[in-house]
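Visitor: What follows is a protein structure lacking sequence information:
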């Protein structure tokens, strides 16, 4: 996947969806992205329960009897002969991540603004790479992830520091 | 034959802990209740109330995707009812060709509302549905049974 669609932009780091964590008693899920060539470098994104479930279905390669919303988007892409090239977590503002979906048809590339959850859900179904910009990686919360994970495992989770609306 | 339906109501079904989107025809003689999930209901509710969320919801993103290619949603049709599941088709116009895409009614309706596209139902679906029973069921629901949508 790393070499399939080399991005033209500089400073993009490829990540993959490593796992999905459930927060007990809340309506949120955590998508844990891991750096493609360094599984220890992880990047968590808080998403809603429905968005998390959509990602989980794709992560587990579950076939649903009826097309889910992102299957429908993929189906539109197929009908329109549009290729989902890649998705990029491109910005973070007020603790909200912003994603961009790169699509192409007839050699013309277009970009569509999206929430990371939609972008990731679609990327998993379209088998396209997921990137995070160096800028976002630099500006991410400096929380020590190990400490954060041990906190999570003790099921004593505080308010998410970075949340997607 | 198909009949144009209007998205009239969105209700909470306390017995099944699910939401119901109610479609009615012009004369209000035919009604189709479609049980949908919470997030789908939230998306339909936002479109019905013309609420623009700070970030694009899944169906807003879906609409942006189609807009990027100037693909238009011409109409949505609830085509079939099989084993308590409704089936829908989205009719798209793209570069002078029409495409028909299989979808769940909730996605089709959420997208139709954002595209100002009409929603139709196959008459076979309408007749399969015993509307009298539903009317009664709806009438018997007490006000306190209706939840508030937290989308």
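Guide: Structure received. This structure is a prediction, so every number in the text was calculated from the model and none was measured.

Visitor: any idea whether the residue of chain A found nearest chain B is helix, strand or coil?
Guide: Nearest residue of chain A to chain B: residue A:50, at 3.4 Å (CB to the nearest CB). In this view, the C-beta of every residue, glycine as well, is placed from N, C-alpha and C. What DSSP: H, G, I helix; E, B strand; the rest coil gives for residue A:50 is helix.

Visitor: Next, the contact list for it, please.
Guide: For residue A:50, the contacting residues are B:37, B:38, B:39, by CB atoms under 8 Å, 6 or more residues apart in numbering or on different chains.

Visitor: give the contact list for the closest residue to residue A:66 other than its chain neighbours.
Guide: Leaving out its chain neighbours, the residue that sits closest to residue A:66 by CB to CB, 6 or more residues apart in numbering or on different chains is residue B:104, at 5.0 Å. Applying CB under 8 Å, 6+ apart, we find residue B:104 in contact with A:66, A:67, A:68, A:72, B:40, B:86, B:88.

Visitor: Residue B:87 too?
Guide: Per CB under 8 Å, 6+ apart, neighbours of residue B:87: A:66, B:78, B:79, B:80, B:81, B:102, B:105.

Visitor: Are we agreed that residue A:62 is in a helix?
Guide: No. Looking at residue A:62 with three-state DSSP, it is coil, so not inside a helix.

Visitor: For burial, what's the neighbour tally of it?
Guide: 9 (other CB atoms under 10 Å in any protein chain shown).

Visitor: List the contacts of it.
Guide: residue A:56 are the contacts of residue A:62 under CB under 8 Å, 6+ apart.

Visitor: Could you check stretch A:22-39 against chain B for contacts?
Guide: No. Shown here: stretch A:22-39 not in contact with chain B (CB under 8 Å from any CB of the partner chain), separated by at least 9.5 Å.

Visitor: what's the span of that stretch, first residue to last?
Guide: Using CA to CA, to the nearest Å, the end-to-end distance of stretch A:22-39 comes out at 20 Å.

Visitor: what's the answer for stretch A:120-134, then?
Guide: 18 Å.

Visitor: which parts of it are buried?
Guide: Along stretch A:120-134, these residues count as buried under the neighbour rule (16 or more other CB atoms under 10 Å in any protein chain shown): A:120-126, A:128-133.

Visitor: Kindly report the same for stretch B:86-94.
Guide: Here stretch B:86-94 shows B:86, B:87, B:88, B:89, B:90, B:91, B:92, B:94 as buried, counting by 16+ other CB under 10 Å.

Visitor: cool, and stretch A:97-117?
Guide: In stretch A:97-117, counting by 16+ other CB under 10 Å, buried: A:97-103, A:112-117.

Visitor: helix, strand or coil for the residue in chain B that chain A sits nearest to?
Guide: Proximity of chain B to chain A (CB to the nearest CB) peaks at residue B:39, 3.4 Å away. The three-state assignment at residue B:39 reads helix, by three-state DSSP.
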